[in-house]
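>>> need a structure here:
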Amino acid sequence: MKTRFCSIFAASTTFATSFVPAGRVFAVSSSSRSAATTTKTTRNAATTAQNFINEVNSEYEQLHRAFELQFWGTKMNLSDPSYSVDELTKTKGEMESFLADETKLAHTRELLSETNIDSTTAKTLKMFERTFGCYIMESEIAKKLRSEATKIEGQLESARNSMVLGATIDGNFEEMSSVGLRSKLRVDPKEEVRKACWEGLNKIGDFVTENGFVELVKKRNTMAKSLGYLDYYDYKVTQAEGFGKEELFKILDTLEKGSRPIMEKARMQFSAEKGGISSLEPWNVSFFMAGDVTRKMDPYFPFEKSVEQWGRSFAAMNISYRGASMDLDLLDRKKKYSNGFCHWPQPAWVKPDGTWQPAQTHFTSLADPSAVGSGLTGLTTLMHEAGHAAHFANIEMPSPLFSQERAPTSVPYAELQSMFLDSLVGDAAWRAKYAISRDGQTIPWDIVREDIEGSHPYKVFALRAMIAVPYFEKQLYEMDEEDLSAESIKELANKVETEIQGGLSARPLLSVPHLLSDEASCYYHGYVLAEMAVHQTRDFVLKRDGYIVDNPSIGPLLTEAYWRPGNSEPFLDLVKECTGSSLTGDAWIAALEQDLEDLLKEEKEAYDQTRAECMNKDNSNNIDLDMRIRIVDGDAVLADTEEDGSFLATCAKFEKYVRGRYETPV
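Residues are numbered from 1 along each chain as shown. Model (predicted):
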């Protein structure tokens, strides 16, 4: 690719003839010549910069798309032979080689040194500088190590996708995905079944540590240290956030220390209320927290209605996808990637001529509509990933590099949007309108109350499970290389679970899929910082407006405060600009410490008010998210708004398909 434009810097020695009104004659002074030369030089500098920006944008867009299509095809296990781990590795390498081109960084800096470029051009070039800087490795050794790590990662993820998971129940092996195993942990009344499912989840750790994870950790760490970082975690967080591992854990340590006494109190209360110390076994905790009430709530969260309820909820908040197209692969199946995600083969951006390039989105969940509790879990995942999609569909900047999810895009910045929107599913006001059974009945307050009573005192468990992942990865990449082995990694995982969560985890650390992929490893701290920002943003909106659910100001607020800038602004600055305060964990800790009776009173008032409003108005039959939606199941297209004519027609088609394919949960 050509990146130099030296010829157009040459100054012309002639002047264009200007139109002079009749009867007026002007002498061409030396100052006029100087001004004309300056103007021409300014134009040339601006043209040079824009040409460079255009070339970078065009080539990156193509490379990004090629990689993302391979990512989708391999993770969804599509049948087209053009999708393969080798091609995924190849396209990822090509994209990262483009971003790691030192000549591009040098030319970017050369253009930034010009004083005659406008602020928009300068902002784009500064973002290029940050992006190229994240990928350029001056060390040939580091480049080689990264390539070797990418190869190991691809082989490990391919093996993990082919792993047969399940549990031995009553002497027979029952194949289940990781989602299916976790679902049974929550709802199965037999302890021996729950224990078997937990043991099934633990086999993931055995598998990955014996199939390349140890070697992957070593390669990643050696690469990062060769570049001058403390370790791979320090490398990842510095690239994404602009501050290092030590600064990150100063923030996390305050949350860990602030929530530890709340956790210790909650574990004592849980044991006393749920039948003794055995209730704290990892296969029992989630059941005693949710088993019975999950079954009671299940009829009010039929998964086949989840797409419609997401659309209605987002539309009521004035959230638009600005002409985007979206493929949703929502149903669990064999050999499908075992975690929900949202990626963008086509980033949204504003082209040089001012035209808008809408996003193309791929997102997935792992719903099993026949399983008890899957409707609520699947809907929450849908709201989360649809939040990602809304965020990246609304980035309005002059390059696709502002709207891609890798470094230098901040991890908590990317996660804040989705977590804010999926938090609504737990609000009594949201459930009063959207938790509707197949026969049209609203979830009763008594069930909502029971869920709050059973979960609120123990929400700290989720916080501790969340922070356990970054604390594990921190210590993992701090281990001496000679001490790394399958056994030592498994021992470390158990140690961190016990220290941070008070005991072994219902979701074993080594079953967390983020650990394996380069994009998601050393990433989980982003969820923690994002959750801090979620509580702070919710607190801000509640103080300003008094409510969140169906608040039509939410879409505009998120668009202007968080979405439109893309990665052009630091995450911490955006939170402060939106909420008026620097990011802290205060709002999250306050929510955990809120008196249960006070919370029940607040939620009951919100529930009753929403029910009264629902009685006085009909549901709109005109849901317009400004987006084309295709609901797919692997290679099969189940519904398509372009063919079906409307969003609700597509929802009805999907609903019919799910009801025909799955048995109604009992």
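>>> which residues belonging to stretch 75-91 are considered buried?
Residues of stretch 75-91 classed as buried: 75-78, 83, 85, 87-91 (neighbour count, 16 or more other CB atoms under 10 Å). C-betas here are computed from N, CA, C, even on glycine.
>>> stretch 591-602 too?
Buried positions in stretch 591-602, judged by neighbour count with 16+ other CB under 10 Å: 592, 600.
>>> mean confidence score for it?
Here stretch 591-602 scores 97 as its mean pLDDT.
>>> ok, now stretch 578-587?
94.
>>> what's the span of it from first residue to last?
This stretch, stretch 578-587, spans 15 Å end to end (CA to CA, to the nearest Å).
>>> list of residues touching it?
Residues from elsewhere that reach stretch 578-587, judged by CB atoms under 8 Å, 6 or more residues apart in numbering: 254-255, 258, 529, 532-533, 535-540, 557, 561-562, 572, 575-576.
>>> same question, stretch 642-655
Contacts to stretch 642-655, defined as CB under 8 Å, 6+ apart, come from residues 304-305, 307-308, 311, 621, 623-625, 628-631, 638-641.
>>> in strands, which of the residues you listed appear?
628-631, 638-640 (DSSP state E).
>>> quick one: which two of those are the most distant?
Taking every pair in the ones in strands among the contacts of stretch 642-655 and measuring CB to CB, the maximum separation is 14.4 Å, between Arg628 and Leu638.
>>> ok, Ala122 - contacts?
Neighbour list for Ala122: Leu112 [criterion: CB under 8 Å, 6+ apart].
>>> state the distance from it to Glu110.
Per CB to CB, to the nearest Å, Ala122 is found 13 Å from Glu110.
>>> pretty sure Thr124 contacts Pro398?
Yes: here Thr124 reaches Pro398: they are 5.4 Å apart, a contact under CB atoms under 8 Å.
>>> got any residues that touch both of these two?
Common contact partners of Thr124 and Pro398 (CB under 8 Å, 6+ apart): Ile53.
>>> any low-confidence regions in the stretch 501-650 of the chain?
Along the stretch 501-650 of the chain, the model assigns pLDDT under 70 to residues 618-620.
>>> re the thing from before, which of the contacts of stretch 642-655 are buried?
Neighbour-count burial (16+ other CB under 10 Å) applied to these gives 304-305, 307-308, 311, 623, 625, 628-631, 638-641.
>>> show me where the stretch 551-666 of the chain has strands.
For the stretch 551-666 of the chain, the strands defined by DSSP state E, counting those that start in this stretch occupy 627-633, 636-640.
>>> and for the stretch 251-400 of the chain?
Using DSSP E, counting those that start in this stretch, strands in the stretch 251-400 of the chain cover 324-331, 341-346, 349-350, 356-357, 360-367.
>>> so what are the sheet partners of the last one and their directions?
This points to strand 360-367. strand 324-331 (parallel), strand 341-346 (antiparallel) (DSSP bridges).
>>> out of those, which gets nearest to Thr498?
Of the strands paired with strand 360-367, nearest to Thr498 by CB to CB is strand 341-346, at 29.5 Å.
>>> got the CA coordinates for that closest one in PDB?
Taking Å, rounded to 0.1, in the frame of the first residue of the first chain, the C-alpha atoms of strand 341-346 are listed here in PDB:
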ATOM      1  CA  PHE A 341     -20.700 -12.400  21.900                       C
ATOM      2  CA  CYS A 342     -21.400  -9.500  19.600                       C
ATOM      3  CA  HIS A 343     -19.000  -8.600  16.700                       C
ATOM      4  CA  TRP A 344     -19.100  -6.300  13.700                       C
ATOM      5  CA  PRO A 345     -18.000  -7.400  10.300                       C
ATOM      6  CA  GLN A 346     -18.900  -3.800   9.200                       C
END
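>>> which residues of the protein score low on pLDDT?
1-43, 291, 618-620, 663-666.
>>> could you redo the last one with a cut-off of 50?
Residues of the chain meeting the criterion pLDDT under 50: 1-37, 665-666.
>>> thinking Ala389 is in contact with Phe363, fair?
Yes: using CB under 8 Å, Ala389 makes contact with Phe363 at a distance of 6.0 Å.
>>> which neighbours do those two have in common?
326, 342.
>>> more neighbours, the two?
Between Ala389 and Phe363, counting by other CB atoms under 10 Å, Ala389 is the more crowded of the two (27 against 22).
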